[in-house]
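**Q** Pasting a predicted model and its sequence here:
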Amino acid sequence: MSFSSQVKNELLKNEYENRCCLKSLLYGMALFSKSFSFRRVTFQSENEGTTELFKHLLKELCNIDGEINVSPSGKNFSIDIAGKKNATKLMTFFGHNISEKNLVINHSNFDCDNCRNAFIAGAFLSCGTISSPEKDYHLEFTVPYLNLAKSFITLLEEFELSPKLVKRKGYNVVYFKDSEAIEDFLYIMGASSSMFEMMNIKIVKEIRNSANRKANCETANIEKTIQAAMPQIEAILKIKKKKGLDFLSKPLREMAQARLDNPELSLSELAESFNPPLSKSGANHRLKRIQEIAKEL
């Protein structure tokens with residue numbers, strides 16, 4: 001199951017104490033459906049449970065019978081209210097007038113403090129999608145009408161959310177990419193379990209990314225150390241081939257062997273590996289002396 005379907009299934013389980021919230025929920029689903037006019041109201045979804053809810057609310061609140069149609073592929077479900085009588089009944093129920101030039105949100109449908117939250121949940125059930133937080137942070141609404149999209153953004157701004165708007169394939173897309181904004185949005189519309197799951201995934205990702213950055217940094221440091229050690233090792237091998245390491249004094253011989261055995265150690269780490277430990281400058285002095293001897297050879 002996709003994360004988007006998971007969120008919608010969670011919203012379907014929400015219970016609303018007030019009838020006005022059920023009206024707002026249905027309003028969000030209808031207003032953001034495929035078509036919403038006095039000629040036709042068409043609700044379409046890939047989620048069968050969402051379509052069942054729309055049918056149930058239509059009957060309970062408006063006494064309108066809706067028949068669920070299933071696409072040939074079995075992946076899309078829709079309810080088409082094509083009769084002018086029922087379409088007009090539904091539009092009038094939500095306070096819309098046939099003379100309206102632009103379709104925008106009618107705020108008179110919100111009677112209590114929770115109505116807007118229910119409306120937003122309805123809008124998401126109708127045209128919202130959310131990416132899996134494992135992959136990306138992205139939540140969007142595909143809205144057919146520009147003025148409706150702008151009206152929706154104004155409503156969301158009342159919750160101190162700041163969505164973006166873009167045109168895509170003839171549709172107006174209202175979207176979020178900020179993870180914290182998406183978490184707030186999930187909480188507002190009543191998907192708190194999905195919000196907590198997203199937060200947990202986000203924490204794991206941040207820990208994993210931090211570990212990867214640390215590992216990459218350590219790898220880079222090791223490579224840098226080895227690059228610095230290469231001229232020293234070349235000098236030691238040259239002496240070993242031409243004269244043998246016994247040619248060196250005991251302090252230099254011990255340093256040469258230590259460097260050959262530990263090419264990945266930094267100068268400080270190499271100095272500390274001796275017993276008793278050497279100073280960093282002392283280790284550096286011995287290695288430079290070895291390189292000078294190799295050069296003389």
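**A** Cool, got the structure. None of these values were measured; they are calculated from a predicted model. Numbers count the residues shown, from 1 in each chain.

**Q** Now do the helices in the stretch 1-150 of the chain.
**A** 3-12, 19-31, 48-62, 84-93, 115-127, 146-157 (DSSP state H, counting those that start in this stretch).

**Q** Can you spell out which helices and strands pack onto the first one?
**A** Put plainly, it is helix 3-12. helix 48-62, helix 115-127, strand 128-130, helix 192-242 (3 or more C-beta pairs under 8 Å, 6 or more residues apart in numbering; DSSP states H and E). Placement of C-beta: from N, CA and C, glycine included.

**Q** Most tightly packed of the ones you listed?
**A** helix 115-127 (a mean of 25; mean count of other C-beta atoms under 10 Å).

**Q** Can I get that helix in CSV, CA atoms only?
**A** Below are the C-alpha coordinates for helix 115-127, written out as CSV (Å, rounded to 0.1, in the frame of the first residue of the first chain):
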residue,chain,number,x,y,z
CYS,A,115,-15.3,22.2,10.0
ARG,A,116,-12.3,23.6,8.1
ASN,A,117,-10.2,20.6,9.2
ALA,A,118,-12.9,18.2,8.0
PHE,A,119,-13.1,20.2,4.7
ILE,A,120,-9.4,19.9,4.2
ALA,A,121,-9.6,16.2,4.8
GLY,A,122,-12.3,15.9,2.2
ALA,A,123,-10.2,17.8,-0.3
PHE,A,124,-7.3,15.5,0.2
LEU,A,125,-9.6,12.4,-0.2
SER,A,126,-10.8,13.9,-3.4
CYS,A,127,-7.7,15.1,-5.2
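
**Q** Determine how far it lies from the middle of the whole chain.
**A** Remark: helix 115-127 is offset 21 Å from the chain centroid, using C-alpha atoms, centre = their mean, to the nearest Å.

**Q** Could you check how sure the model is about it, as an average pLDDT?
**A** The pLDDT scores in helix 115-127 average 96.

**Q** what angle sits between it and helix 19-31?
**A** Between helix 115-127 and helix 19-31, the angle comes out at 30 degrees (axes from the mean of the first three to the mean of the last three C-alpha atoms, to 10 degrees).

**Q** for helix 115-127, packing partners?
**A** Packed next to helix 115-127, using 3+ C-beta pairs under 8 Å, 6+ apart, are helix 3-12, helix 19-31, strand 41-45, helix 48-62, strand 139-143, helix 146-157, helix 179-188.

**Q** Make a markdown table from the helices of the stretch 1-150 of the chain and add distance to residue 138 to it.
**A** Below are the helices of the stretch 1-150 of the chain laid out as a markdown table (distance: least, C-beta to C-beta, whole Å):
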| stretch | distance to residue 138 |
| --- | --- |
| helix 3-12 | 10 |
| helix 19-31 | 20 |
| helix 48-62 | 20 |
| helix 84-93 | 32 |
| helix 115-127 | 14 |
| helix 146-157 | 16 |
